[in-house]
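Asks: how would this look folded up:
(one chain, ligands or ions: 1)
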Amino acid sequence: MSSQRVDAKVVLLGKEYVGKTSLVERYVHKRFQSGPYQNTIGAAFVAKPIQVGDKVLTLGIWDTAGAERYEAMSRIYYRGACAAIVCYDLTDSSSFVRLKFWVKELQNCEQQCKIYMCGTKSDLIEADRSIRQVDYHDAQDYAEEMKAELFETSSKTGRNIDELFQKVAEDFYNSTAFQVMTEERETDLRQRKGCCHH
Ligand SMILES: Nc1nc2c(ncn2[C@@H]2O[C@H](COP(=O)(O)OP(=O)(O)OP(=O)(O)O)[C@@H](O)[C@H]2O)c(=O)[nH]1
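Replies: Purely as a prediction, here's the structure:
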């Protein structure tokens, strides 16, 4: 666990095996491990600085476990998140059903949380189009209906991964949540300065 100050909490949700851990690995460590699959237990945290305009924000990224037995735990991790990256596997239609479950849940329980839909493993589709199980236009229609953003990514090739997190950070930077946070910090700083002068 990092003691670094976090500006924006980002949570990854989605069915097991869709590639949430691989997404974080690719984004944070620029690597893809194709070794044996290891399911996440509980959740994993990483803090990652990201440049937006002339500012550097720190994203606090929570990678949750996708297995349904951890569902109650995942709820703990999305509380207070400003962004949720809800993942589905482009080659597995059941993972898109699970995505809809999480999108509905977020809309009911965490209204201030912006939703990013992420279709994973696009390299597999590029190698063989016949294995695609979730149509791009269907996903796009659903994203529009839910006021969510849609990205198709590959953690193997790195496609669209930086773009996804950049969009998350930029949206946060432009949000009222960021403005309120900045104002609060400035007030806090002024008060502390005042305190030292007297
Ligand atoms: N070809 C390809 N395989 C991927 C990609 N992303 C993940 N995988 C593979 O899919 C499997 C599952 O990936 P994980 O990242 O562990 O999945 P997860 O969603 O974190 O799984 P849980 O921790 O159980 O929730 C692993 O064998 C990965 O190597 C990708 O972009 N392309």
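Asks: buried ones in stretch 177-189?
Replies: 177-178 (16 or more other Cβ atoms under 10 Å). Backbone N, C-alpha and C define where each C-beta goes, glycine included.
Asks: from the chain's centre, how far out does it sit?
Replies: Remark: stretch 177-189 is offset 24 Å from the chain centroid, using Cα atoms, centre = their mean, to the nearest Å.
Asks: just the C-alphas of that stretch, formatted as CSV.
Replies: Provided in CSV are the C-alpha atoms of stretch 177-189 (Å, rounded to 0.1, in the frame of the first residue of the first chain):
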residue,chain,number,x,y,z
ALA,A,177,-14.8,17.3,-8.1
PHE,A,178,-11.2,18.3,-9.1
GLN,A,179,-12.0,22.1,-8.8
VAL,A,180,-13.6,21.6,-5.3
MET,A,181,-10.5,19.5,-4.2
THR,A,182,-8.1,22.2,-5.5
GLU,A,183,-10.0,25.0,-3.8
GLU,A,184,-10.1,23.0,-0.5
ARG,A,185,-6.3,22.4,-0.7
GLU,A,186,-5.7,26.1,-1.4
THR,A,187,-7.9,27.1,1.6
ASP,A,188,-6.1,24.6,3.7
LEU,A,189,-2.7,25.9,2.7
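Asks: residues making contact with the lengthiest helix in the chain?
Replies: Secondary structure of the chain per DSSP state H: the longest helix is helix 176-197. Outside of helix 176-197, the residues within contact range by Cβ atoms under 8 Å, 6 or more residues apart in numbering are 7-8, 82, 112, 172.
Asks: let's see it at 6 Å
Replies: 82, 172 (Cβ atoms under 6 Å, 6 or more residues apart in numbering).
Asks: spell out which residues of this protein are next to the ligand.
Replies: Contacts of the chain with the ligand, taken as Cβ under 6 Å from any ligand atom, map to 16-22, 34, 37, 39-40, 65-67, 120-121, 123-124, 154-156.
Asks: in strands, which of the residues you listed appear?
Replies: Among these, the members falling in strands (DSSP state E) are residue 120.
Asks: got a PyMOL select line for the buried ones in the residues of the chain next to the ligand?
Replies: In PyMOL syntax, the buried subset of these is picked out as below (16+ other Cβ under 10 Å):
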select buried, resi 16+17+18+19+20+21+22+40+65+66+120+121+123+124+154+155+156
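Asks: which parts of the chain are helices?
Replies: Using DSSP H, helices in the chain cover 20-29, 71-78, 93-109, 122-127, 136-145, 161-173, 176-197.
Asks: what sits against residue 171?
Replies: Residues near residue 171 by Cβ under 6 Å, 6+ apart: residue 114.
Asks: roughly how far apart are it and residue 130?
Replies: Here residue 171 is placed at a distance of 35 Å from residue 130 (Cβ to Cβ, to the nearest Å).
Asks: cheers, nothing more for now.
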